[in-house]
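Colleague: Sequence first, predicted coordinates after that:
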Amino acid sequence: MQIASGDHEKSYASIPKYIAALKESNSGAFVKLKCDCLDLTNPNCNPKFERIFISFEAQYQGYIKSCRPFIGVDGCFLKGPYKGELFTAVALDANSGIFPIAIMICECENEDSWNYFFDCLNTYLHFYANFRAKFPGPKLGKLFWIAVKAYTCGDFKDAMEETKATDLAAHKWLMETCGEEPSTWSRHGFDASVKVDNITESFNAFLEK
């Protein structure tokens, strides 16, 4: 069994070396590791693995240049001796094929782990980071998220009008970069008919084989 599956304990212990090798061979990859030390007062305490997020440069470029403006996410249980959860983010390419964007292995599925996953995904795709780099300041950052998370068209328009009144260039950047059609970037405009995660379920089933 160990010959077929490998040594899980050694594999987890080798994660830092794997990250170093990954960054050396794929400089554009985004990798984020989170660990927890069981005893902060003990300098010799070995860190406890919690989460690792991985996305390669080729995945980022492929999504930006060749995929539809859609991302599906899902999680599935890991069946090894240490259990945990595998989160995946996938897109659809021009041939309606599944295109993996990122994965994360974490301790369990809860609100905190999902927020961590989405924060990493958002950081890697640069959308919010690019906006904040061009238009710093707490007010514009807050208006950005109000527009993105708006449940109604009215709330979205109010946020965009306030953005326009605050900084005309920021409003123009959002319209040109995201598009005037909110169905691709604001919650209220998302297609309500899409309520299944068959795409990510198919990818997870492939990984489990």
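Modeller: Structure's in. What do you need? Numbers count the residues shown, from 1 in each chain.

Colleague: what residue is smack in the middle of the protein?
Modeller: Residue closest to the mean C-alpha point of the chain, counted by CA atoms, centre = their mean, is Leu121 at 2.2 Å.

Colleague: now the helix or strand harbouring it, how far from the chain's geometric center?
Modeller: In the assignment (DSSP states H and E), Leu121 maps to helix 111-125. Offset of helix 111-125 from its chain centre (CA atoms, centre = their mean, to the nearest Å): 5 Å.

Colleague: and the next element down the chain from it?
Modeller: Going down the chain from helix 111-125, the next helix or strand is helix 127-134, by DSSP H and E.

Colleague: Give me the buried positions along that next one.
Modeller: Neighbour counts over helix 127-134 (16 or more other CB atoms under 10 Å) mark 127, 131 as buried. Backbone N, C-alpha and C define where each C-beta goes, glycine included.

Colleague: What's the mean pLDDT across stretch 91-105?
Modeller: Over the span of stretch 91-105, the pLDDT mean works out to 88.

Colleague: Kindly report the same for stretch 185-204.
Modeller: For stretch 185-204, the mean confidence score works out to 67.

Colleague: So what's the residue count around Met160?
Modeller: For Met160, the count of nearby residues is 20 (other CB atoms under 10 Å).

Colleague: ditto for the one 3 residues further on
Modeller: Around Thr163 sit 24 other residues, with neighbours defined as other CB under 10 Å.

Colleague: Helix or strand: which one has it?
Modeller: helix 153-166.

Colleague: which helices and strands does that helix pack with?
Modeller: Using 3 or more CB pairs under 8 Å, 6 or more residues apart in numbering; DSSP states H and E, the elements in contact with helix 153-166 are helix 138-148, helix 168-178.

Colleague: got the angle for that helix vs helix 168-178?
Modeller: Counting by axes from the mean of the first three to the mean of the last three CA atoms, to 10 degrees, helix 153-166 lies at 130 degrees to helix 168-178.

Colleague: from the middle of its chain, how far away would helix 153-166 be?
Modeller: Distance, centroid of helix 153-166 to centroid of chain: 26 Å (CA atoms, centre = their mean).

Colleague: With stretch 75-89 instead?
Modeller: Stretch 75-89 sits 16 Å away from the centroid of its parent chain (CA atoms, centre = their mean).

Colleague: Need the distance between the two termini of that stretch.
Modeller: Taking CA to CA, to the nearest Å, stretch 75-89 runs 9 Å from one end to the other.

Colleague: For it, list every residue counted as buried.
Modeller: Result for stretch 75-89 [16+ other CB under 10 Å]: buried residues 75-76, 84-89.

Colleague: Which pair of those residues spans the longest distance?
Modeller: Gly84 and Ala89 (17.2 Å; CB to CB).

Colleague: and this protein, what are its domains?
Modeller: 1-125, 128-191 (automatic domain parsing).
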